[in-house]
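A.B. asks: need the 3D shape of this:
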Amino acid sequence: MQKKLLSSRLRHFFEQKKKSYFSLSLWMLLLLLSVNANSQGVNGSITGTVNDEKGEPVIGASVIVPRTRFMTITDIDGKFTLSDIPAGKVSVQISYISFETMVMNDVQVFDGKTSTLDIVLKEGTQLLDEVVVVGYGTMRRKDVTSSITTIQSDDLNQGVYTDPAQLLQGKVAGLTITQSSDPNSSPAIMLRGASTLREGSAMQPYYIIDGVPGVDLSLVAPDDIATIDVLRDATATAIYGSKAANGVIIITTKRGKKGQANVSYNGYVAFDKISKNLDLMSAEELRNYAAANNFTLPNDEGADTDWQKEIQRTGVSYNHHVAVSGGNDKSNYNIGLNYMDQQGAILGTDKERLSGRALAQSKILKDRLTLSLGVNASQSTHEGVVMNDGGGSVTDAMNYYSPTQPVKNADGSWYESFGVTQYFNPLSMINEDIQKTVYKKMMITGKADLNLFKGLTWSANYSYMNDQSTYSEYHTTKSQYVRNNGQATRNTYFGNKSVFETYANYETVLADAHRIGAMAGYSWEETNSNDGFGVTVKDFYNDYVKYYNLTYANVIDGIDGVESGAESTLRMISFYGRLNYAYNGKYSLQATLRRDGSSAFGKNNRWATFPSVSVAWRLGEEDFIKNTGVFDDLKLRVGYGVSGNSLGFDAYTAIKTYGESGWFSYTDADGNTSNKHTLAATNNSNPDLKWEKTGMFNVGLDFAFLNSRLNGTIEYYDKRTSDLIYYYPVSTNRYPFGTMTANVGDISNKGIEFTLNAIPVRTKEFEWSSTINLAHNKNVVEKLSNETFSVDYQNIAYPSIAGNSGVYVQRLMEGSPIGQFYTYEWAGYNEEGVSQFYERDPETGERTGEMTTSPKDSDRTKTGSAQPKLTYGWNNTLNYKNLSLSMFFQGVLGNKIFNALRAQYNSISLISSGKNVLKEVATDQKFTDVNAQTPSDRYIENGSYLRLATLSLAYNFGNLDGWINNLTLYATCNNVFTLTEYKGSDPEVQLGGLTPGIEWRENYYPRTRTFMVGMKVNF
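C.D. replies: This is a model prediction of the structure:
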């Protein structure tokens, strides 16, 4: 009888629950290894049975006492036992994939006795009923028709991060993020390919924080984030209209919860060290090379200096975050304070930031009105080093400065080599040429949500943000870079932004089958920026006061020593609405419409409309899918929408402006002569300037198998941007200024994205969860000209390679992607040992069969693309009892990188002029090769890489005798290892902007490896 019963349950287990065969083997093994369910500890026990709503046992359900070490899973009969629990009242949490999590509070445990629980789990709605944040509201995930990815705080990247965008690298398919190890840099972010020819904020996604649009990310500490929702397609972003062409990222911060006050602390210390330097010649190798080639090194002082090590250090960083939260039935609050001190691995590069936030909510008027008040503020100090062209870059100088020369002279002054051009002692620049910028930012937000009647909520919010930046620079009397006997510069600029929004959301369900939702709203926004001034003075008696007292200087270059901003005021008014309809949980429809008016554009085109429509069919609810017994969920989504790009403009973009252009001598009626500024045009008027518009078609398939232990998404999109804004040359016979800002070009991006979430292994004490995402995007510049404004191509990306003035390495051209390399083709050496290059016919562009050592611009051709064919991220989390190990891999495939560093430091002429070069010059270059450094496909390399970006180990001690609710210790390593063929220092070069895929000389900052240890505590 028992065998028949077991056989029946196993058959039901496979046919009704749709488990895999390996799961059966796993559970049978657990049965053999399980302890006797009747064993008792010296304290008490809890036993019970977990069934579904049909009365069948739920096998493998997780049963835990939160914040303790007590946990188990149910056996093949749905039974469980928790033993040796201290007497008292505890909470018991029961969870299983595709079932709603149940928490049973106040379960009484008695000494020496057993408490029994009978539990019934509800099936299948937890994941699908998850709330997703959308524009001006929320939706159930099952009703979502757009492409939206939600990342929970526990799934964000771990490391020394100062920008919330860094937390998403490799986590979202199609979201490309490249970072620098410079603590003062910001990551380059691009979603589904570049869709504009303008750089900076025009290429970045639009950020919404707690419903407030356009918020600076520095106002949010990573520890304050609860979730991040990435709106990827135009049907999701069109509700934000003219600012959403590059995608929208919505950040929701943590809220207080009902119960006693909770105090949390997260702190870490981190150590940053350069992971790979350039392989440069040592002093001995330089001398041997000179001897082998019969020449004398200039300025050989007999030293043996490793300049890379001289300016590098182990950077030590600290982070402390304290939060207090709590609430009751009516109100809740959350207050957070964050302090970060990040020390760069290059001397002189540091960042310090103090930020705080407070958010309080309260319900009044019989809980119909919810009032919220939030305050965010931050102050950050960035200290940097000189990173200019012409040799005036610390990180460039650490590579070119000769190791045969010492750091200091015998008298303690900085060593200086005269007679070598563009040659500066890097340690002198670090100590004698200092820079500091202080940023102060604040935001105040007030919001009211009024429930007028069932299903209808009216919301209104107002936000005010202001910011101030103060830049200070000082070149001492000992500076080798600026020789003005001490020079100081200070400037300060201010800005503010006001946003008012009001909107209403209505939702109802008719006949238990028709779910209808509607939203309508209005927004007003005003942004003021570039209000400021500055001054430069020089000739100081000493360096004691630096830039703190400019009156100590003796010289100011008249009005030329004064700078000033031109305050820009932009206003935008918007009307928007959304309609949602879902029938019987199977079919969903969403339509949005936004009408924006902006003062940034020409007077003839200040208004634009941005529509979208999308539908979804939950195939998994159809009988012909259900009966297959394969899918737990299957949903097909199709949509098309239009969004715009108004980011990166000021109030003067579309109007005629004039500015000072020089001086002239003016004599008045009395014969007095004085100098007066001449004024000239600085911008042409274009009353027809309008929005860039991006239309996107998106098809998505969401799926889930094996009780949702395997789920994911496949997406295809076709994204086309028209009316691209670019700066075209025009005749000054017709226009007062030589360029015109106009709408002309088109860009297309087509791609496929794949995301898969899996739990391959789950046992009583061990679980392995894994998530992988893959994305392919094809970017093409479709059009650059029309009948009015025409340009055949635009040469871009000037790498500043010695002896190659005016030689560019990329070309913006029709039919090619942004980041199209366009260089000479290396053809080896001629008989004299000089690099030669293939000649091309100027008319046809084809090779002539000839080679030359003096290539012309017409000899350049397409030599690769910076656009990757595939970007990917793979996260794995292994949990064993209270121990957790996370491994996150990320990388790209199929892209090319122009290694400007390698090209520059392969120059033979650098050695003879007294500078340093790469070691490979001695083995791979010929001493006769005066063309060694010429920018060509010789220095275009495979940029593919696989990186173990994060390795993190954590141990959760749980509740410590009531004194501490939860204690977790963790250790993390970032940039553990990288697999690549790239010969440069690191293959993760910037993929955003108009010139992606180049490892530059001037702003080169070596990649670091970071080790951090930290602690999270909840009281």
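A.B. asks: CA only for contacts and neighbour counts going forward, please
C.D. replies: Fine.
A.B. asks: output the lowest mean pLDDT helix or strand found in the chain.
C.D. replies: Sorting the helices and strands of the chain by mean pLDDT, DSSP states H and E puts helix 21-33 at the bottom, at a mean of 36.
A.B. asks: give the next helix or strand downstream of that one.
C.D. replies: strand 44-51 (DSSP states H and E).
A.B. asks: next SSE after that following strand?
C.D. replies: Per DSSP H and E, the first helix or strand lying C-terminal to strand 44-51 is strand 62-64.
A.B. asks: got the contact list for that following strand?
C.D. replies: With Cα atoms under 8 Å, 6 or more residues apart in numbering as the test, strand 62-64 has contacts from F70, M71, T72, I73, T74, F80, V92, Q93, I94, S95, Y96, K764.
A.B. asks: what number of residues lie near the last one?
C.D. replies: A count of neighbours around K764, defined by other Cα atoms under 10 Å, yields 19.
A.B. asks: do the same with the fifth one
C.D. replies: Residue neighbour count, defined by other Cα under 10 Å, stands at 24 for T74.
A.B. asks: gap between stretch 285-297 and the chain center?
C.D. replies: Distance of stretch 285-297 from its chain centroid, counting by Cα atoms, centre = their mean, to the nearest Å, is 47 Å.
A.B. asks: err, stretch 724-733, not the other one
C.D. replies: That offset, for stretch 724-733, works out to 33 Å (Cα atoms, centre = their mean).
A.B. asks: now stretch 1003-1019
C.D. replies: Mean C-alpha position of stretch 1003-1019 versus that of the full chain (Cα atoms, centre = their mean) differs by 17 Å.
A.B. asks: check stretch 353-371 too.
C.D. replies: Distance, centroid of stretch 353-371 to centroid of chain: 29 Å (Cα atoms, centre = their mean).
A.B. asks: can you check stretch 719-739 too?
C.D. replies: Worked out by Cα atoms, centre = their mean, stretch 719-739 lies 31 Å from the chain centre.
A.B. asks: let me see the ranges of the helices in the protein.
C.D. replies: Ranges of helices in the chain, per DSSP state H, are 2-17, 21-33, 234-237, 283-292, 307-310, 394-400, 426-432, 623-626, 900-904, 908-913, 920-924.
A.B. asks: could the contacts of strand 62-64 go into CSV alongside pLDDT?
C.D. replies: Below are the contacts of strand 62-64 laid out as CSV (pLDDT from 0 to 100):
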residue, pLDDT
F70, 78
M71, 77
T72, 81
I73, 78
T74, 83
F80, 87
V92, 88
Q93, 86
I94, 86
S95, 79
Y96, 74
K764, 78
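A.B. asks: weakest of the helices of the chain in terms of mean pLDDT?
C.D. replies: Among those, helix 21-33 carries the lowest mean pLDDT, at a mean of 36.
A.B. asks: and for A669, the neighbour number?
C.D. replies: 6.
A.B. asks: with S195 instead?
C.D. replies: Per other Cα under 10 Å, the neighbour tally for S195 reads 29.
A.B. asks: surely it is in contact with M203?
C.D. replies: Yes. With contact defined as Cα atoms under 8 Å, S195 and M203 form a contacting pair (7.3 Å).
A.B. asks: next, show the common contact partners of these two.
C.D. replies: With Cα under 8 Å, 6+ apart as the test, S195 and M203 both reach N246.
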